[in-house]
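Peer 1: kindly return the folded structure for what I paste below:
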Amino acid sequence: MKIRSSVAAVGVCLAAGAVAMPAFALDYPARKPGLWEIQTGDGTGKGPAGGHTMQQCIDAASDKALREMGQGMGKDMCSRQELRADGGKLVMDSVCKIGNTTATSHAVMSGDFNSAYRMESKSSYNPPLMGRAEGTSVIEAKWLGPCKADQKPGDMVMPNGMKMNVIDMMNNRPKKP
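Peer 2: Below is the predicted model of the structure:
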């Protein structure tokens, strides 16, 4: 059964969406349009290479839509969301509900969003989430160039090779009453 790879794929999507989290009082810089390679890891010293790698094709509109999607998710799930600039880095602090669990997170993003960026985050979960009381993650992204000829903005190629378009998925989801 491929539950682990499906869970991993969802995790990569969520991690990749981290750049699309709420705009807060300070806006995230827009990423350069084109093809981005995004590596995720658990921060255990293996670095992102020990995790998963996906590719994401974006343009200005899809990048904005992903940020707005994150903003909507944050409004529904988080009681505290703060984003501030600190010495050329973005620092994010949040308290969010994931089911019955409260996740308290601290993340630091660095980079120029034109060629590369990095995010390191630490979270604690009360009660533990899927048996974990805390977790760390590292996301490293680099711009590869223009999207491939068979790609359109919103396309994501997952670690298992599956291709999906997040914008199409967002547009096809049921609307809240």
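
Peer 1: quick check: next helix or strand after the longest helix anywhere in the chain?
Peer 2: Identified as the longest helix of the chain according to DSSP state H is helix 60-77. Using DSSP states H and E, the next helix or strand after helix 60-77 towards the C-terminus is strand 78-86.

Peer 1: what residues of that next one count as buried?
Peer 2: Cys78, Gln81, Leu83 (16 or more other Cβ atoms under 10 Å). Heads up, the C-betas are built off the backbone N, CA and C, glycines and all.

Peer 1: mind pulling up the pLDDT for the nearest residue to the first one once chain neighbours are set aside?
Peer 2: Spelled out, it's Cys78. Spatial nearest neighbour of Cys78, chain neighbours left out: Cys96 (4.0 Å); criterion: Cβ to Cβ, 6 or more residues apart in numbering. With respect to pLDDT, Cys96 has a value of 94.

Peer 1: cool, and Lys175?
Peer 2: pLDDT, Lys175: 54.

Peer 1: ok, now Gly145?
Peer 2: The model reports Gly145 with a pLDDT of 98.

Peer 1: any regions of this protein where pLDDT drops low?
Peer 2: 1-27, 44-50, 173-177 (pLDDT under 70).

Peer 1: could the buried residues of strand 78-86 be laid out in a markdown table, adding distance to Gly111?
Peer 2: Listed next are the buried residues of strand 78-86 as a markdown table, based on distance: Cβ to Cβ, whole Å:
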| residue | distance to Gly111 |
| --- | --- |
| Cys78 | 24 |
| Gln81 | 21 |
| Leu83 | 15 |
